[in-house]
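Colleague: Pasting the sequence and the predicted coordinates here, then a few questions.
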Amino acid sequence: MLSYQFDWSVVTTGKYFEWLVSGLGLTLQLSAAGIVLSFLLGLLIAVLRMSHFSPLRWFAHVYLEFFRNTPLLVQIFFWYFGSYKLLPMAVNEWLNSTNFEFAAALIALTIYTSAFIAEDIRSGVLSIPKEQMEAARSAGFSYIRSMQYIILPQAVRITVPPLINQFLNLAKNSSLAMTIGVMELTYQARQVESYTFKGFEAFTAATLVYLVLSVVITALMDQYNNRVLNPQRG
Amino acid sequence: MIKFNAVHKWFKSLHVLNDINLSVQQGEVVVVCGPSGSGKSTLIRTINQLEPIDKGSLIVDGMDLCDKKTDINRLRAEVGFVFQQFNLYPHLSVLNNITLAPTKIRKTPRKDAEEQAMALLERVGLANKRDSYPSQLSGGQQQRVAIARALAMKPKIMLFDEPTSALDPEMIGEVLAVMQDLARSGMTMVCVTHEMGFAREVADRVVFMDHGVILEEAEPEEFFRNPQHDRAKQFLKQLLSPMH
């Protein structure tokens, strides 16, 4: 016999439900901003990594190795507990008056994920036949414009499946932000548990919400891939 | 229009272009032929600097390709290039393949670029394919789109690098017809091709190369009737033999 009394109303009604909803709001903000920023940063790092100018290539290489090979949690702690020590007092005061936990978590998630995205985009670019670059250059496009109009649009199409993975990872990894006090979904589920001792319900609810979030991201990306990027297949 | 003066090029120790001297006048059609590995593709690729030369001088449309100050992108915009493998942009529709460079490089307004693209598609007989994607076209159709794409920049010179070598035999004719039409319209053309019928019909001159050297340069009739060099005789014999 189970002695545990299930009470799902804890997570579906009342103030604990509101906590979870507000947590989901922050999770969505963190994920959405992280996805957009990490994609743009990843694209930039990928382009630098393939630059003909060796210092830029080197910088991108060190960036990639550094952020891919250290734990995300340590990076989050670094941005939150470490980075501000290097900043002037005035900036610190301003940071404390803002939502610094959120900013630190977003910076960490963005930079960490951008390293993986950059590598995915780079392998996408390398898979485009070199004749495409020749065709673009012989039409009179500069190297940068050839990348912009001809190579990257094709590479990004190829990169969509691995990108979905990175975006899902980012959304799930956003739960680590609770460790520095960002009141996102996992943080709130933990709060609900602390107040009610209904840990099973609280974390089941959080799990289901993450699951739905992941499924939605995958569906949106697939949709984009089919409708916008590969219309000739439709 | 194009002037090679004592041009040399090496790939590591391989001497791919050896003392090339060649002039192409405006409106001339020059066919370059020779066995594979003779340097003919390298030769044509130097004209828009897909391959830079190592020694000598090369002037194209009044621009010195060896001069560091020459804006190579500006030169390339004036020189159309047609590849053996077409190299259309697979992510763009036929229409957008043709309008991309005019709208982005020439800053032609979208509407004008599209009208012009449609006129070119009409000319190559593919107006009904404007919204297709390259993967939906046959090789011959892709190559005709590639020619239209190059022409959309209103080039002063058109370069063809074995434009029919990747095509099934029944599609060669449709591409050659477009090229002949272009040659008759007065376009300056350099074509690397083994299509001797085309050379005979429209070329002003035939250049025969082997091992990086121009061995013969003659009017087509002269070249086919009375090749001077042994390598040229052998090449023509192989090309015309039924086993080829």
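Modeller: Perfect, thanks for sending it.
Colleague: Over to the closest residue to B:Arg110 other than its chain neighbours: give its phi and psi.
Modeller: What sits nearest to B:Arg110 in space, not counting adjacent residues and going by Cβ to Cβ, 6 or more residues apart in numbering or on different chains, is B:Thr103, at 6.0 Å. All C-beta atoms are positioned from the backbone trio N, CA, C, and that covers glycine. Phi and psi for B:Thr103, reported as degrees, to the nearest 10, are phi -70, psi -40.
Colleague: before we move on, what about A:Met183?
Modeller: Backbone torsions for A:Met183, taken as degrees, to the nearest 10, come to phi -80, psi 60.
Colleague: and the residue nearest to B:Arg110, what does it touch?
Modeller: Contact partners of B:Thr103, counting by Cβ atoms under 8 Å, 6 or more residues apart in numbering or on different chains, are B:Pro109, B:Arg110, B:Ala113.
Colleague: The second one and chain A, how far apart?
Modeller: Spelled out, that is B:Arg110. Using Cβ to the nearest Cβ, to the nearest Å, we find B:Arg110 at a distance of 15 Å from chain A.
Colleague: Tell me where the model's unsure across chain B.
Modeller: Chain B contains residues with pLDDT under 70 at B:242-244.
Colleague: Chain A contacts on that one?
Modeller: By Cβ under 8 Å from any Cβ of the partner chain, the residues of chain B that approach chain A are B:48, B:50, B:73-74, B:76-79, B:81, B:83, B:85, B:87-91, B:93, B:100-101, B:104-105, B:132-133, B:135-136, B:149-150, B:153.
Colleague: top of the contacts of B:Thr103 by neighbour count?
Modeller: Within the contacts of B:Thr103, most neighbours by other Cβ atoms under 10 Å in any protein chain shown means B:Ala113, with 22 neighbours.
Colleague: what distance separates the strand or helix carrying that residue from the centre of its chain?
Modeller: According to DSSP states H and E, B:Ala113 maps onto helix B:110-123. Remark: helix B:110-123 is offset 22 Å from the chain centroid, using Cα atoms, centre = their mean, to the nearest Å.
Colleague: Check which helices and strands the helix or strand following that helix sits against.
Modeller: Sequence order places helix B:139-151 as the next helix or strand after helix B:110-123, per DSSP H and E. Under the contact criterion of 3 or more Cβ pairs under 8 Å, 6 or more residues apart in numbering or on different chains; DSSP states H and E, helix B:139-151 touches strand B:79-82, helix B:94-104, helix B:110-123, strand B:157-161, helix B:169-184.
Colleague: list the buried ones in the shortest one?
Modeller: For strand B:79-82, burial by neighbour count (16 or more other Cβ atoms under 10 Å in any protein chain shown) applies to B:Val79, B:Gly80, B:Phe81, B:Val82.
Colleague: My guess is the first one contacts B:Leu50. True?
Modeller: No: applying Cβ atoms under 8 Å as the test, B:Val79 and B:Leu50 come out as separate, 10.2 Å apart.
Colleague: so what sits against both of these two?
Modeller: Joint contacts of B:Val79 and B:Leu50 (Cβ under 8 Å, 6+ apart) are A:Ser138.
Colleague: and A:Phe6, what are its phi and psi?
Modeller: phi -70, psi 140.
Colleague: count of neighbours near it?
Modeller: 11.
Colleague: gap between it and chain B?
Modeller: 53 Å.
Colleague: Please apply the same query to A:Gln148.
Modeller: For A:Gln148, the distance to chain B - Cβ to the nearest Cβ - is 9 Å.
Colleague: pLDDT weak spots in chain A?
Modeller: A:1, A:228-234.
Colleague: which parts of it sit against chain B?
Modeller: Residues of chain A lying near chain B (Cβ under 8 Å from any Cβ): A:131-132, A:134-142, A:145, A:149-150, A:153-154, A:157, A:229, A:231-232.
Colleague: For chain B, which residue gets nearest to chain A?
Modeller: B:Ala77 (3.2 Å; Cβ to the nearest Cβ).
Colleague: I'd say that residue and B:Met153 touch.
Modeller: Yes: using Cβ under 8 Å, B:Ala77 is in contact with B:Met153, at 5.7 Å.
Colleague: Now the common contact residues for the two.
Modeller: Joint contacts of B:Ala77 and B:Met153 (Cβ under 8 Å, 6+ apart) are A:Ala139, A:Gly140, B:Ala101, B:Ile105, B:Arg106.
Colleague: ok, and the closest non-adjacent residue to whatever residue of chain A ends up closest to chain B?
Modeller: In chain A, no residue comes nearer to chain B than A:Gly140, which is 3.2 Å away by Cβ to the nearest Cβ. In space, and not counting its chain neighbours, A:Gly140 is closest to B:Ala77: 3.2 Å by Cβ to Cβ, 6+ apart.
Colleague: what about that neighbour, helix or strand, and which?
Modeller: helix B:72-78.
Colleague: mind checking how far that helix is from the chain centre?
Modeller: Here helix B:72-78 is found 15 Å from its chain centre; the criterion is Cα atoms, centre = their mean.
Colleague: cool, and stretch B:53-69?
Modeller: 19 Å.
Colleague: Just the residues contacting it, thanks.
Modeller: Contacts for stretch B:53-69 (Cβ under 8 Å, 6+ apart): B:1-10, B:17, B:19-20, B:46-49, B:52, B:70, B:72, B:74-75, B:78-79, B:156-157.
Colleague: what's near enough to touch the residue positioned nearest the centre of chain B?
Modeller: Central residue of chain B (Cα atoms, centre = their mean): B:Phe160, 1.5 Å from the mean position. Contact analysis of B:Phe160 by Cβ under 8 Å, 6+ apart lists B:Ile44, B:Val82, B:Met179, B:Met189, B:Val190, B:Cys191, B:Val192, B:Thr193.
Colleague: show me what contacts B:Phe198?
Modeller: B:Val31, B:Leu176, B:Met179, B:Gln180, B:Cys191.
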